[in-house]
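Student: I would like to see how this sequence folds:
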Amino acid sequence: MKNSLSSKGLSMSQAQSVSNLCNQRSKDITAQLADINNVSKELTIGSDTYIETKGNPIPTDVVALLQAKARLAATQAFLMENIKAKDELIKDIQTERFNYEVEAPVRPLTISKNLPMEVSEDFGWDQLTASEYNEFLEAEAYASHIGQFIHKGGKLDRLRAELPTIKTLEFMEIEVGKKTPLKVSIHHTPEQLLTIHEELAALHRGYEQKVNYFKSKVKNAVTSENARIQKERGNIQAEVNQQNADLANAYKIAYEQWSADQYKAQHEFEEKRQGRIQDAVNLKIEVAERFQDVVNEFLNQLKQ
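Tutor: Residues are numbered from 1 along each chain as shown. The predicted structure follows:
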């Protein structure tokens with residue numbers, strides 16, 4: 001919007017007062033011209049004459065009156081436009097918002113790394129040589145089959161339990177009501193079965209020890225490898241934690257600096273804004289030459 005605001009000229013109160021006087025005189029002229037008509041009407045009854053319509057012809061100075069009214073309206077419009085311009089200028093400055101163009105630091109993403117997984121028992125078996133694994137398979141087979149034969153419920157265990165209960169003479173009914181002797185021949189002695197049990201038990205212990213040896217070796221290999229992996233996982237995680245801590249600290253420092261810079265810039269902006277508001281408040285209306293006569297006339301009237 002075009003305006004005539006300046007550091008010198010009419011104050012806003014003077015401008016408002018002059019505008020009010022312009023408006024009042026303009027109303028007076030409007031009222032003066034409002035009753036103009038073309039005719040007057042009189043009514044005569046007997047010796048009495050009554051005026052029905054009062055004649056009010058166009059004033060001889062109508063051109064001057066209209067020009068004066070237009071000049072008053074133009075002066076008032078000039079003053080009001082500048083009063084409005086000053087109000088809007090102050091409002092615009094008051095509603096300005098601080099915009100800090102420096103972007104805030106971006107919070108870093110958390111670093112993560114894939115950690116090595118612990119191994120299963122399969123790893124331990126893979127550590128055995130082919131010869132060792134074959135030896136284990138052999139020992140396991142011998143221990144299993146010998147154990148099945150001699151352990152409780154096994155064939156040898158049942159034979160030893162049965163032997164003392166065997167009768168040397170039994171009868172079998174071949175014909176109805178006629179029993180025929182059945183010869184029973186015992187071909188084992190308790191001593192023989194015991195000897196066989198002890199021999200097989202000794203073999204079983206030997207093979208079972210081999211089985212347990214290899215199982216222990218596998219278990220130790222798994223335990224040792226997982227301990228190494230846990231240590232490696234710990235080292236990796238410690239390194240990642242340190243990196244994340246360093247990033248977080250760097251971000252904290254950068255953000256604090258950015259916040260301080262933003263606060264300083266905002267404070268400077270606010271100081272300048274208040275200064276501009278005060279400058280706008282102090283603005284006056286520098287009257288254009290074409291309106292100066294009207295303004296001077298009313299200023300002089302205000303001084304009286």
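Student: show the residue spans covered by the helices in the stretch 51-200 of the chain.
Tutor: Remark: helices assigned in the stretch 51-200 of the chain by DSSP state H, counting those that start in this stretch are 62-94, 121-126, 130-150, 155-162, 190-281.
Student: count of neighbours near Phe136?
Tutor: Phe136: 19 surrounding residues under other C-beta atoms under 10 Å. (Glycine included, C-beta is placed from N, CA and C.)
Student: ok, back up a step: mean pLDDT lowest for which of the helices of the stretch 51-200 of the chain?
Tutor: Mean pLDDT across those is lowest at helix 155-162; the value there is a mean of 90.
Student: tell me how far that one lies from the chain's centre.
Tutor: Centroid separation for helix 155-162 versus its chain: 77 Å, with C-alpha atoms, centre = their mean, to the nearest Å.
Student: helices or strands up against that helix?
Tutor: Using 3 or more C-beta pairs under 8 Å, 6 or more residues apart in numbering; DSSP states H and E, the elements in contact with helix 155-162 are helix 130-150, helix 190-281.
Student: tell me which of those helices lies nearest to Leu159.
Tutor: helix 190-281 (5.9 Å; C-beta to C-beta).
Student: leaving out sequence neighbours, find the closest residue to Asn23.
Tutor: Among residues not flanking Asn23 along the chain, Gln76 sits closest, at 5.8 Å (C-beta to C-beta, 6 or more residues apart in numbering).
Student: contacts only, for that neighbour.
Tutor: Counting by C-beta atoms under 8 Å, 6 or more residues apart in numbering, Gln76 touches Ser19, Cys22, Asn23, Ser26.
Student: re the thing from before, of the helices of the stretch 51-200 of the chain, which is nearest Arg290?
Tutor: helix 62-94 (7.8 Å).
Student: ok, and the closest non-adjacent residue to the most centrally placed residue in the chain?
Tutor: Against the mean C-alpha coordinate of the chain, by C-alpha atoms, centre = their mean, the closest residue is Arg107 at 11.5 Å. Excluding its sequence neighbours, the residue lying closest to Arg107 (C-beta to C-beta, 6+ apart) is Tyr251, at 5.7 Å.
Student: near that neighbour, how many other residues are there?
Tutor: Around Tyr251 there are 14 residues (other C-beta under 10 Å).
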